[in-house]
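1. A predicted structure for the sequence below; I have some questions about it.
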Amino acid sequence: MLGYLARRLAMTIPTLLLVAVAVFTLVRLIPGDPVQVMLGDNADAAQAAQLRAQLGLDEAFPLQFLHWLGKVATGDLGHSITNDLAVLPLILERFQVSAVIVLVAVAAATCIAVPAGLIAAWKQNSALDLAVIGSATLLLSIPSFWLGLLLLLLFGLKLKWLPVIGYVPFSENFWQAAVFMLLPIVTLTVLEIGVLTRMARAASIEVLRLEYVTHARAKGVPEWLVLGRHVLPNAFAPIWTLIGLVLGHLLGGIAVIETVFTLPGLGRLLVDSIFARDYPVVQGCLLFTAVIYVVVNLIVDLCYPLFDPRVVVA
Amino acid sequence: MRWHANTVIGGALMTLVLGTALTAAFWTPFDPLRVNLRARLQPPSSLFWLGTDEFGRDVLSRIMAGAGTSVVMALFTVALAVGVGVVVGCVAGYLRGWTDRVIMAVNDALLAFPGILLALAMMIVLGASKSGLVLALGLAYIPSVVRVVRGTVLSIREKEYIEASRVIGNSELYSMVRHVLPNAMSPVAVLATSMFGWVLLAESALSFLGLGVPPPAPTWGNMLAASRPYMETAAWLSIAPGVCIALTLLGINLLGDSLRDRLDPRMAHG
Amino acid sequence: MTRARRPSRTTMVGLVALLATLAVVAHANAETLLRTRLNADIRSTDPGTNRDANTDGVMAHIVEGLVAFREDTSIGPMLAESWTVSNEGKTYTFRLRQGVKFHNGAVMTVDDVVWSLKRWLDPATQWRCLSEFSASGIARIEQIEAPDAQTVVVRLDQPTALFLPTLARPDCGQTAIIHRDSVGPDGKWIAPIGTGPFKLAAWKRGQYIDLARFDGYAARSEPRNGYTGAKIAEVDRVRFNIIPDSSAAKAGLLSGSLDVINSLAIPDLEDLKSRPDVQLSITPALGLTGILFQTRDPLLKDVRIRRAIALCLDTTQIVDSVMQGTARPNNSALPIGSPFYGEVQAHGYTQNIAEAQKLLAEAGYHGQPIKLIANKRYSFVFDSAVLVQAMAQTVGINIEIEVLDWAAQLDRYNRGDYQSMSFVYSARLDASLSFEMLMGPKASQPRKVWDDPEAQEMLRQSMMTDDAAKRQALFDAMHRRFIEDVPMIVLFNGAELAALRKNVKGYAGWLYPQPRFWGVSIQ
């Protein structure tokens, strides 16, 4: 197992290296640079050159890349050009916010989607099934940020039940933090319920057709036991894959939701730093996102044997 | 049967959308670009059925024109992603070996980027324009197509009729095009319908973040983004495009479902 | 086992009374907190070095310099009591105020002033205004000395009208006089120890900056005026919350979690006007929004086409619609609030469709597309572009808007790589600087829009002399040329919009787009 892990991790290194090169190049292809943004319309060439030299932006690209890569290898992602904060701690701090929203939303969505999908598959083509699949399709057709805006308008401004701005870290005050996170989590959950229900239903239908289910029913096993012990664990594998894909992508940044709810998350950090041309932060964020994506996929792969003993991982 | 319901509702919605797009090419109640500063932010009335925006432009006309723009751009984007993705995926899946490894390494690297951000960065590089948007989003979705196509190709290539084709003496390319490709198309077709929806959403997300189709041309995405400061005073500005996006996506998803059900009959019967 | 005795009734009453008293006392001693907003975190607390607009705004509450800007953009005394100019404008002798205290309790002496000035001029400090005192700047500082305990003398190598305005520049930290303990023994910045009405209490990165009232503040006697006058802190604490999203800030104000928000976006105005618990502060500003032309462009180098565009616009309608009555149209390079803005400057372009069409015909324009760059970061820049395009369309001018993000647009601006763009300039506090930001030799400064050697000479003269009448004559002449030449079309100067909760008293916006929280109290 350890050997497998080591091999898998080793295989990701070329991908990550490619990502690093791509990120570095892409970011510098974008017109405009941080020095111009900082100096605004009031910059003369001398000031700009001085600032560029100070920030190390006047070196040749390959040199800059090697410097950066060298630091990354030691775990130092550099410092933000905009406000001189160390990049890695900044990313981790922001990541916590995004991660909480994503993990809670996906977990909540799974708890609702899996039973719903299972029941819809069980009663396939009935009115209940139509209702479930219809709702799921509708839910995933709603643009998430539009939903977020509407919820904000309703609960924040019209009804005044929930706060509209602000954020308190969980470490400071759990309940206050929870209140601020409620609407964004709900928004994301609603969307993911749509996505996951459909997959849960599809996977359950597949399994329900299989022989051993018919066999179990013929033996007289009660229906709920059939569903719970035979169908669900076996249907879970594809659902789990989808959860992995979804998590991997969402953890990369739910930038738009964070913008609507003004939360200091990773997605916002990335978008803001792209607009500010804050190279170290953009590079750090994208690299971090790629690593998360890879790690999540790895964890997903490692969990398959839990659902399907036939699957051999290593 | 369920897929009948899907086809009917999905078909109806898409006909509505495409019909609106087509009509808008010839006629809209008002000129969607005509600025009328004396009629700013009017609520829906008998004159302006969906009200007017912050420049006094008729919202209904802009919705109609936006239908055209959004749909055409989404079609081009999907065509680009599918066109390139199928070719690359086939090559990778059929040839295997080092070609496959290199292609998949690059592909995985691209997939590890959050799609929106890749598109955002590309748009800044290419410049905000309709073609820039198509290019940026198309590029962002190619990796997904490559993955799906390669997976299908891998499973098909070992099948017997491929072996038979090789034994007869057909070239690799012929075998690939004649036998492998058609069978890979059905998952791609399903993916393409989902992608159409993602592109619509991505376009509005990009507009929201500040970089969508440039003015004054309307798209549902940039109308939704522009409505944000007026959410409280002029709610109709955000409801109309949001509903349109939602209904279009619903239609697409239902059609996609019915397509998948037809291609995979097991799903339709219990 | 003995049972615990219940407290007697008297004890209970006594306890309640005590708690009530404590509550009353606590409430009476409750700190008054003014909550406001920044749209991004500050860059550092070292004034005038690593800074941006937000940083300048906060630092202006903590530090002060020898001189400062008044509301009408003239220069008034701050830490200096008075000054004299001698030696044909090359020597400035400042008489210092006495009894001014730093935040650490030390009294400001002439040594602190000399030390601060020398520190700004040290290249290692990276002071933003350092280049102004180099060969390419306004003058060189030859000597700073302190002949006695109340006087500082600065000698320049040539006369200039811009010495005091440069010292007062808020984006250069107002050339703050700080205590030497602000830096460590190695010269590294620690924290600002200034003379301002507030001191830095806390800086929680990414979340907020807290300023606390400085009880030992030595206020001037004359009333508050711009960045000078009496700057008395009337609240105990000011908290600048970092809220990048303006909709969120607005919502915070409405829900009561913020007291003041500045730099409102125009669309928010409509909504806030009707709220009973909110009051608005609208003051004209010194920025400049306009349409820039690249006079070297093959199409736009023909002044007739540029003039045609200027004449087809109904600037009043654009300004009214884009700024919703908070700004007035202005085609002059000088802002309406400038002391040099007069009859001549009020004369700009009048809409004349027939003339515009005639000019286009003469120039042989037949519908070639003209690209107009705009950005979404500033709604008024974007909206102006949309309206200009629509109005130009009516005379057959085919403008295509290209939306870039701000950084990309700045890049194109700096390189002069555009046909036209809708752009906003930040405030300039002196009339010469208002022209200087627009004009210069394009060969060495590609970002400048107006390259006219004769006008350039007039500008140079306006910077050298202190004589108001002479400068007015020069600015008038430059304005007439500017309107003739149409290197750009100035549209308006913008407005500084702030929204406050009804219980905030004493807030006043002014020309410079920065808030002042001294003299402000909460009822």
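-> Done, it's in.

2. Only C-alpha atoms from now on, for both contacts and neighbour counts.
-> Fine.

3. Show the average pLDDT along the helix or strand harbouring A:D301.
-> Using DSSP states H and E, A:D301 sits within helix A:279-307. Here helix A:279-307 scores 81 as its mean pLDDT.

4. helix or strand for the closest residue to B:I116 other than its chain neighbours, which one?
-> Counting by CA to CA, 6 or more residues apart in numbering or on different chains, B:A202 is the residue found nearest to B:I116 once chain neighbours are left out, at 6.7 Å. Using DSSP H and E, B:A202 maps to helix B:181-209.

5. quick one on the thing from earlier: mind giving me the packing neighbours of the helix holding A:D301?
-> Counting contacts by 3 or more CA pairs under 8 Å, 6 or more residues apart in numbering or on different chains; DSSP states H and E, helix A:279-307 is packed against helix A:2-29, helix A:87-122, helix A:232-251, helix A:266-275.

6. cutoff 6 Å now
-> helix A:232-251 (3 or more CA pairs under 6 Å, 6 or more residues apart in numbering or on different chains; DSSP states H and E).

7. Counting neighbours, which bits of the helix it packs on end up buried?
-> With burial defined by 16 or more other CA atoms under 10 Å in any protein chain shown, the residues of helix A:232-251 counted as buried are A:232, A:234-244, A:246-251.

8. now swap in stretch A:222-233 and tell me
-> Buried residues in stretch A:222-233, counted by 16+ other CA under 10 Å: A:V226, A:L227, A:H230, A:V231, A:L232.

9. State the distance from the spatially closest residue to the second one that is not a sequence neighbour to chain B.
-> With sequence-adjacent residues excluded and distances taken as CA to CA, 6+ apart, A:L227 is closest to A:L118, at 7.8 Å. For A:L118, the distance to chain B (CA to the nearest CA, to the nearest Å) stands at 13 Å.

10. Look at A:L118 and say how many residues are nearby.
-> 27 (other CA atoms under 10 Å in any protein chain shown).

11. Can you list the strands that the helix or strand containing C:R155 pairs with?
-> In the assignment (DSSP H and E), C:R155 maps to strand C:151-156. Next to strand C:151-156 in the sheet, as set by DSSP bridges, lie strand C:91-96 (antiparallel), strand C:141-148 (antiparallel).

12. what's next to the first one, contact-wise?
-> Here strand C:91-96 makes contact (CA atoms under 6 Å, 6 or more residues apart in numbering or on different chains) with C:A80, C:E81, C:S82, C:W83, C:T84, C:V85, C:Q150, C:T151, C:V152, C:V153, C:V154, C:R155.

13. how about it: buried residues?
-> Within strand C:91-96, the residues that qualify as buried are C:T91, C:Y92, C:T93, C:F94, C:R95, C:L96, counting by 16+ other CA under 10 Å.

14. The last one too?
-> Buried residues in strand C:141-148, defined by neighbour count with 16+ other CA under 10 Å: C:I141, C:I144, C:A146.

15. Closest one of the buried residues of stretch A:222-233 to chain C?
-> Of all those, A:L232 has the smallest distance to chain C: 43.2 Å, by CA to the nearest CA.

16. Name all residues that make contact with the nearest residue to the closest one once chain neighbours are set aside.
-> With CA to CA, 6+ apart as the criterion, A:L232 has its nearest non-adjacent residue at 7.1 Å, and that residue is A:S204. With contact set as CA under 6 Å, 6+ apart, A:S204 has these partners: A:L118, A:A121, A:A235.

17. for C:L313, same thing?
-> Contacts of C:L313 (CA under 6 Å, 6+ apart): C:Q351.

18. how close does it get to chain A?
-> From C:L313 to chain A the distance is 25 Å (CA to the nearest CA).

19. What residues of stretch B:14-24 count as buried?
-> Per 16+ other CA under 10 Å, stretch B:14-24 contains these buried residues: B:M14, B:V17, B:L18, B:T20, B:A21, B:A24.

20. Wasn't the second one part of a helix?
-> Yes - when classified by DSSP: H, G, I helix; E, B strand; the rest coil, B:V17 is found to be part of a helix.

21. Next, count neighbours for the nearest residue to C:Q324 once chain neighbours are set aside.
-> Spatially, and ignoring its direct neighbours in sequence, C:Q324 is nearest to C:I266 (7.1 Å; CA to CA, 6+ apart). If you count neighbours by other CA under 10 Å, C:I266 ends up with 20.

22. now swap in the one 10 residues further on and tell me
-> Using other CA under 10 Å, C:P276 has 9 other residues around it.

23. again with C:N87
-> By the criterion of other CA under 10 Å, C:N87 has 11 neighbours.

24. Contacts only, for it.
-> Per CA under 6 Å, 6+ apart, neighbours of C:N87: none.

25. Ok, the one 10 residues further on next?
-> With contact set as CA under 6 Å, 6+ apart, C:R97 has these partners: C:L79, C:A80, C:E81.

26. Tell me, what's the model's pLDDT at the second one?
-> The one in question is C:A80. 95.

27. Same question for C:D314.
-> 94.

28. now C:G364
-> Reported pLDDT for C:G364: 93.

29. How about the backbone phi and psi for it?
-> The phi/psi pair for C:G364 (degrees, to the nearest 10) reads phi 70, psi 30.

30. For it, grab the count of nearby residues.
-> If you count neighbours by other CA under 10 Å, C:G364 ends up with 11.

31. B:V153 now?
-> So B:V153, with other CA under 10 Å, has 23 neighbours.

32. My guess is it contacts B:A92. True?
-> No - counting by CA atoms under 6 Å, B:V153 stays clear of B:A92, with 8.8 Å between them.

33. Since that was my last question, I'll sign off now.
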